[in-house]
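# structural data only, the sequence is not supplied:
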């Protein structure tokens, strides 16, 4: 049942429901029902979020054998892959013509089916053959020194391709190896590592079926992880509670019509949040400390767990006792009684799971936020038992796996030594650069070449002017991708770029593996043939290695075999030993040592560590009095735009700003008015005003459009950019101006 507050507020928009069913049917019809059925039924892992499904149990089945495990995001991800090839005649157009297209239009031009070369100083791409393309790539990397290059992977690539990418980079001579997690959940890995000694989820999907309380903090799974909402629905139906902590009151987290539940659809939607708390943007740490302080004052602690399985509690308790309630409530904008009510709900729970997203990590104190969540779990012994623990909501379907197998600038010593022993090779020891550091080096003129496997680094990077400039200062960029995106046409004004078309996951000629956010490793069969001239990422990397490294220290021909790569991963990454037998057994598995069902922590002392934090100074100033967070829409996955409108928030366009009623009325704005947003880094002119349920002083705008407002300030510990706490000013437009004038 809804809370009193929920019942008092009419719900104009409900997540999910018939509109999403009809949208899915339209999408399936557009890409062809036969193609859709083949793609969804094949034994391949879902290409969307890190929740994971598919693999050897069947394309629409998860590790609990639940069927159908499919959502709108799964269909959307397939829709871009099941497209005809882009006609080569289209590349007679200049880059300026492609720049005039929106992100949605670029992604939907079709699939890439031939290598494309954009020469330095040229203004168009030209189709070339594979032999010429690979020769150019090897020549450009050979013509510079390894430290003036970097290698990047998105989270959509396979474990096999990621492992070969980082191995190639290190044999070439650089540790400038990174991935998209530095722009999303790197703060999670650092924060959990400092508290628990491990950086991933401590619970399984099965654990969620036994919890009686789920916290959802700084995340909008109704749009980004729809199948997770099913787990929240189940929790409510068995009498459990769902507490949502988020500045924006997202309709899909208030009520959600679950498409595969007839009861939910017929009733107009399932109530999801039993309690919904809206702190100001960027103030989560104050709220989390307030909940901890209330638990302490209520004596609602698991003192036995704290005494026997943690350390640092006395100092942590002293810090809470010396923090005034007025300091906490004024920082977060949530009343003390409401924080105490949160603590009371938590105190009644027997098994609680804390889930969070980038609303927690995308701040200059993102690591502190994650540690504060872990502190709350420790206070009541909610780590180290079944159906309780910590769950970072990962975005890309294999972003966690890419990190596990070594696509990062620093390898653990044991992994580094194991790789050297296994391949009888010496790997570099020089410190590698993270993602943003590589672009800063490029902006300073210190990068000559980059290999970018998947993703859209231009759109993913804060400060779009900086991103464009830095990318263009890289002399040669090699892209491995399935479709065109804005990163292939911006930051190309003077430099050289080569685009190589790759097979999608279900098109791979050999099987591949992926890791979910539950630490579950799946095997994808591949095998679907759609295009005639695409190649697997592994084949491309192996070919480049043969050409680039004279007298290579290992047999790249052998490493073209995905089974050989899996055996190498199993031999060098301790937690992945089970990967060696996944082919023969079809034995998908949970990575050993990550799920914490017992209070035994992989720290030197075997105990978890409470962490103490100072509240951050608010970033808003008199010049920039509002705080803006960049957000994704319902019709979007990372930087890929499937729909221009956002059906859950009621917006019809992406060039807009969402404003709470208090600020809108104070400024005398009505829905549809045009305003200008300014920060110290840029401006968005003539954006459309949309009303939304937000605290005073908090604004929302869509990513990546709002990147022009975002600077490159980072969390000092994780180096994650502060995408979600941008000081801005807002002013009504005197005259409507085309957004192209300022974007």
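Thanks, I have the structure now. What you see is a predicted model, and the numbers here were worked out from it, not measured in a lab.
# what strand or helix carries the nearest residue to residue 670 once chain neighbours are set aside?
Spatial nearest neighbour of residue 670, excluding adjacent residues (CB to CB, 6 or more residues apart in numbering): residue 689 at 7.3 Å. Using the backbone N, CA and C atoms, a C-beta is placed for each residue, glycine as well. Following DSSP states H and E, one finds residue 689 within strand 683-691.
# now do the helices in the stretch 401-550 of the chain.
Residue ranges of the helices in the stretch 401-550 of the chain, as given by DSSP state H, counting those that start in this stretch, are 413-423, 435-443, 457-460, 464-472, 537-548.
# just list the residues touching residue 496, thanks.
For residue 496, the contacting residues are 117, 118, 119, 120, 140, 475, 476, 477, by CB atoms under 8 Å, 6 or more residues apart in numbering.
# number of residues surrounding the residue nearest to it when sequence neighbours are not counted?
Using CB to CB, 6+ apart and skipping residues adjacent in sequence, the residue nearest residue 496 is residue 120, 4.3 Å away. Look at residue 120: counted by other CB atoms under 10 Å, it has 11 neighbours.
# returning to that earlier point: now do the very next helix or strand once past the strand holding residue 689 against strand 683-691: the angle between them, please.
Next in sequence after strand 683-691, counting helices and strands by DSSP H and E, comes strand 698-702. Counting by axes from the mean of the first three to the mean of the last three CA atoms, to 10 degrees, strand 698-702 lies at 110 degrees to strand 683-691.
# give me the contacts around the following helix or strand past strand 698-702.
Going down the chain from strand 698-702, the next helix or strand is strand 726-732, by DSSP H and E. Here strand 726-732 makes contact (CB under 8 Å, 6+ apart) with 619-621, 623-630, 657, 659, 663, 667-669, 673-680, 699, 706, 709-711.
# now, of those residues, which are buried?
619-620, 624, 626-630, 657, 659, 663, 669, 673-679, 699, 706, 709-711 (16 or more other CB atoms under 10 Å).
# show me those that map onto strands.
626-630, 657, 659, 674-678, 699 (DSSP state E).
# between those, which sits nearest residue 548?
Using CB to CB, residue 630 comes nearest to residue 548 of these, at 37.5 Å.
# quick one: the ones in strands among the buried ones among the contacts of strand 726-732 as a markdown table, columns for distance to residue 464 and pLDDT too.
Listed next are these as a markdown table, based on distance: CB to CB, whole Å; pLDDT from 0 to 100:
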| residue | distance to residue 464 | pLDDT |
| --- | --- | --- |
| 626 | 20 | 98 |
| 627 | 20 | 97 |
| 628 | 15 | 98 |
| 629 | 17 | 97 |
| 630 | 11 | 97 |
| 657 | 17 | 98 |
| 659 | 22 | 98 |
| 674 | 21 | 98 |
| 675 | 19 | 98 |
| 676 | 17 | 98 |
| 677 | 14 | 98 |
| 678 | 15 | 98 |
| 699 | 18 | 98 |
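# what's the first-to-last distance across stretch 569-585?
Distance across stretch 569-585, first residue to last, is 17 Å (CA to CA, to the nearest Å).
# that stretch: which residues count as buried?
569, 570, 571, 572, 573, 575, 576, 578, 579, 580, 582, 583.
# cool, stretch 425-435 as well?
427, 428, 432, 433, 434, 435.
# so what's the last one up against?
The reference is to residue 435. 152, 178, 179, 180, 182, 183, 457, 461.
# leaving aside the residues adjacent along the chain, what's closest to the residue sitting nearest the centre point of the chain?
Nearest to the geometric centre of the chain sits residue 395, at 3.3 Å (CA atoms, centre = their mean). Spatially, and ignoring its direct neighbours in sequence, residue 395 is nearest to residue 184 (5.7 Å; CB to CB, 6+ apart).
# neighbours of the one you found, how many?
24.
# show me the contacts for residue 101.
Taking CB under 8 Å, 6+ apart as the test, what residue 101 contacts is residue 109.
# how about residue 552?
Counted by CB under 8 Å, 6+ apart, residue 552 has contacts 171, 545, 546.
# TSV please, covering those and showing pLDDT.
Output for the contacts of residue 552, formatted as TSV (pLDDT from 0 to 100):
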residue	pLDDT
171	96
545	96
546	95
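# including neighbour count and distance to residue 124, could those go into CSV?
Shown next, in CSV, are the contacts of residue 552 (neighbours: other CB atoms under 10 Å; distance: CB to CB, whole Å):
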residue, neighbour count, distance to residue 124
171, 22, 34
545, 21, 30
546, 17, 30
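# relative to residue 604, which of those is nearest.
residue 171 (32.9 Å).
# tell me the SS of the closest one?
Assigned by DSSP: H, G, I helix; E, B strand; the rest coil, the conformation of residue 171 is helix.
# so it makes contact with residue 549?
Yes: using CB atoms under 8 Å, residue 171 is in contact with residue 549, at 6.0 Å.
# among the contacts of residue 435, which lie within helices?
residue 457 (DSSP state H).
# out of the contacts of residue 435, which are inside strands?
Using DSSP E, these in strands are 152, 178, 179.
# now residue 81: how far from residue 504?
Distance, residue 81 to residue 504, using CB to CB, to the nearest Å: 4 Å.
# now for the two: what residues contact both?
47, 482, 530.
# just give the nearest non-adjacent residue to residue 733, would you?
Residue 733's closest residue in space is residue 674 (CB to CB, 6+ apart), at 4.1 Å.
# same check on residue 398?
According to CB to CB, 6+ apart, the nearest residue to residue 398 is residue 514 (4.1 Å).
# same for the helix or strand hosting residue 295, what does it pack against?
Using DSSP H and E, residue 295 maps to helix 284-298. Using 3 or more CB pairs under 8 Å, 6 or more residues apart in numbering; DSSP states H and E as the contact definition, the elements that helix 284-298 packs against are helix 313-321, helix 325-332, helix 336-348, helix 366-379.
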